[in-house]
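>>> sequence plus the predicted model coming up.
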Amino acid sequence: MSYDPENIFTKIIAGDIPSHKVYEDDVCISIMDIMPEAPGHVLVVPKNGSRNLLDADPAALAEVIKRVQKIGNAVKTAMNADGILLRQSSEEAAGQTVFHLHFHLIPCHSDVARRD
Ligand code: 5GP
């Protein structure tokens with residue numbers, strides 16, 4: 001499967017579609033998920049597009065993961081969470097619906113049971 005640059009996250013990165021952006025640098029943006037699984041659910045979206053984890057350039061991925069860690073810590077603090085669930089779906093079979101690499105960061109609280 002190849003990367004199609006005509007996807008919703010490319011349009012959000014370009015500013016053609018509005019989003020609630022919580023972080024941006026030269027490598028990625030982080031936005032609030034439009035259908036959050038929990039309060040504070042954010043997405044980390046690399047600007048350099050790949051379809052998902054499986055076709056991402058490893059060197060570029062290393063830079064993105066540094067941001068995932070940094071934003072994960074910021075979200076945990078901001079949401080007063082006890083932990084962070086990190087999720088990345090690669091391909092439809094794994095639940096991927098937007099085919100531009102992104103990472104979910106979902107705040108978790110010890111007293112709130114999760115379904116997954
Ligand atoms: P996936 O299912 O591919 O792992 O995750 C895609 C995520 O993107 C979903 O959680 C979905 O709610 C979110 N999403 C889809 N369209 C938009 C959008 O236009 N804006 C934002 N902020 N999130 C979106």
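Alright, I've got the coordinates. Numbers count the residues shown, from 1 in each chain.
>>> which residues of the chain lie near the ligand?
The chain comes close to the ligand at residues 8, 19, 31-35, 43, 89, 95-98, as judged by CB under 6 Å from any ligand atom. Every C-beta, even on glycine, is put in place using the N, C-alpha and C of the backbone.
>>> mind naming the longest helix for this structure?
helix 58-78 (DSSP state H).
>>> re earlier: could you work out the most separated pair of the residues of the chain next to the ligand?
The distance between the two most remote of the residues of the chain next to the ligand (CB to CB) is 21.0 Å, for Ser19 and Gly95.
>>> and for Gly40, the neighbour number?
20 (other CB atoms under 10 Å).
>>> show me the helices in this protein, by range?
Going by DSSP H, the chain shows helices at 8-14, 58-78.
>>> now do the shortest one: distance to the chain's middle.
Centroid separation between helix 8-14 and its chain, computed with CA atoms, centre = their mean, to the nearest Å, is 13 Å.
>>> and it, what's buried?
By 16 or more other CB atoms under 10 Å, the buried positions in helix 8-14 come out as Ile8, Phe9, Thr10, Ile12, Ile13.
>>> how about stretch 12-21?
Going by 16+ other CB under 10 Å, stretch 12-21 has these buried residues: Ile12, Ile13, Ser19.
>>> now, which of those sits nearest the ligand?
Ser19 (4.8 Å; CB to the nearest ligand atom).
>>> so the closest one makes contact with Val42?
No: Ser19 lies out of contact with Val42 (CB atoms under 8 Å); the separation is 10.6 Å.
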